[in-house]
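Q: Dropping the sequence and predicted coords here.
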Amino acid sequence: MQLSELKSAGRRPTLPLSISLADAAGAADLQLLTLLRVLPGQRYVGAGVWRGKPVLAKLLVGNSAARHFQRELEGVRLLAGQGLTTPRLLADGLREGEGGWLLFEFLEGALSLADAWAEVENLPLLADEQQQVLGEALAAVAQMHAKGLWQEDLHLDNLLRHNGQLYLIDGAGIKAETPGQPLSRDRVLQNLGVLFAQLPKRLEPYIEELLVHYLLANGEHALVLEALQKQTDKVRAWRLKDYLDKAGRECTLFSVERGLSGLRAVRRDELAAMSAVLEQADTLIEQGHMYKTGGAASVARVEVDGRHLVIKRYNIKNAAHWFKRFWRPSRAWHSWIEGHRLAFLDIATPKPLAVLERRTCGLRGRAYLVTEYMDGPDLVECFAPYVESGDVPQEQLQALQQLLERLIHERISHGDLKGHNLFWQDGRWALIDLDAMSHHATQLSFAPAFARDRARLLRNWPTDSALYQRLDRELPTLA
């Protein structure tokens, strides 16, 4: 096929693909075998074979192909020109009316630092294995900054381990201030803010310690921690807004369909499995282990292909209830968005997998939310042996304090913070039942909402019990 035909190939073109390309040595077909990233009608990145060599191919089509090609090519040349380790560009080309292409050496067995981090993320904070991954990333960024370059879209996926070396990739995001001269302090802070904003928020107290890895490789500037934190917060707020917007539209991360008959949003990596679950949601609920039935909601643990999930169906009780609900976003949709908010902020909650609103002529009816199943005791069960003594395990008490502090910092109220809505898992308290959760724009509206949450949490135990009195003393307040 011709390169231009990729413009109409959609998100999942049939593989393998044979694409005709030409360079100074003449025409040759690229055999595209796998796709790693797709932006439909614009960009296709995958592995293949060209002139008998394995290659990583970046194929750019559509109206903006020429601009994207030039950005990628300039970035690759900047990295190579400054002696930074990056995959070798084997061939490139741009043809009017067709598109652009860049073919890189294929790093067989390369592992991104994002994948390396995923393997160690759940270890105790700043374990040696975590230090290794983050230290590599910060040292590589420092070397780039020392050469006057920065990666605009800086994240761990753009750093690859291969044969003991770390490779910088994605030339489209590479920018230069003055090539060969150290980057200015302001630009360094901005770029490091982009990196730290993508790491789990619970690592923030250790930023100063992590910066040592950067300063050992590039000590050009004294970096003020407060300025870096301010930049990190700014980037994280923008990324959160962007991420929640993506959770409601068709994109690389999510498959979203809207119409008069309904709204369906699914994590794209779960699309096949969740499509089948949503199609038979009512049957699965009836056959599953019921936690709650009837009324405004039905909740069940179900098993699909050996995997445990939770489905929550939001019912319409009667005509009066329907008149109150049809015109506004469903509680399922609200929980979908708030679940992604918590996950982004590194506050534990079952992963939201899919949401479905059934509609009639655009008017909302029943809705469904599918999440991962969280196995573990709830707060009431965990603290039951300590009601009279108040001697709760220190790890669990500290984790509860930290959770409330995080909610205060983010100005998030739960709306129904009873003990049965907190589950103990992997050393953290996880929040469930997010129907009434709210993110408050101002402290004025947050303060009374948090006070209600705190009071509801304490009502799990008698006011004269040692446990109640200890928690009332030691849990955070806004006063």
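A: In hand now; what should we look at?
Q: Run a quick neighbour tally on the residue nearest to Ser465 when sequence neighbours are not counted.
A: Nearest non-adjacent residue to Ser465, counting by C-beta to C-beta, 6 or more residues apart in numbering: Val387, 5.0 Å away. (Glycine included, C-beta is placed from N, CA and C.) Neighbour count of Val387, defined by other C-beta atoms under 10 Å: 16.
Q: how near is Val387 to Glu381?
A: 12 Å (C-beta to C-beta, to the nearest Å).
Q: Next: Gln198.
A: Computed as C-beta to C-beta, the Gln198 to Glu381 distance reads 35 Å.
Q: Which helix or which strand is home to Leu56?
A: strand 53-60 (DSSP states H and E).
Q: Could you tell me which ranges of the stretch 201-350 of the chain sit under the pLDDT cut-off?
A: Scanning the stretch 201-350 of the chain with the threshold set as pLDDT under 70 gives 261, 294, 316-329.
Q: how about the helices in the protein?
A: Under the criterion DSSP state H, the chain contains helices at 65-81, 113-120, 128-146, 185-196, 207-217, 225-246, 271-279, 281-287, 319-325, 331-344, 379-383, 394-410, 443-458, 466-474.
Q: For Lys53, which of the ones you listed is the nearest?
A: helix 65-81 (17.6 Å; C-beta to C-beta).
Q: what's the closest one in contact with?
A: Residues from elsewhere that reach helix 65-81, judged by C-beta atoms under 8 Å, 6 or more residues apart in numbering: 42-43, 58, 60, 86, 88-89, 92, 94, 96, 99-102, 144, 149, 168, 170-176, 179.
Q: now that helix and strand 53-60, what's the angle there?
A: Counting by axes from the mean of the first three to the mean of the last three C-alpha atoms, to 10 degrees, helix 65-81 lies at 130 degrees to strand 53-60.
Q: relative to helix 128-146, how tilted is helix 65-81?
A: 100 degrees.
Q: can you pull the buried residues of helix 65-81?
A: For helix 65-81, burial by neighbour count (16 or more other C-beta atoms under 10 Å) applies to 65, 68-69, 71-73, 75-76, 78-79.
Q: how about the top strand by length along the chain: buried residues?
A: Identified as the longest strand of the chain according to DSSP state E is strand 26-39. Within strand 26-39, the residues scored as buried using 16+ other C-beta under 10 Å are 30-32, 35, 38.
Q: Also stretch 231-247?
A: By neighbour count with 16+ other C-beta under 10 Å, stretch 231-247 contains the buried residues 231-232, 235-236, 240, 244, 247.
Q: Tell me which residues touch the nearest residue in space to Leu159 that is not next to it in sequence, please.
A: What sits nearest to Leu159 in space, not counting adjacent residues and going by C-beta to C-beta, 6+ apart, is Leu113, at 4.4 Å. Residues near Leu113 by C-beta under 8 Å, 6+ apart: 133, 136-137, 156-157, 159-161, 166.
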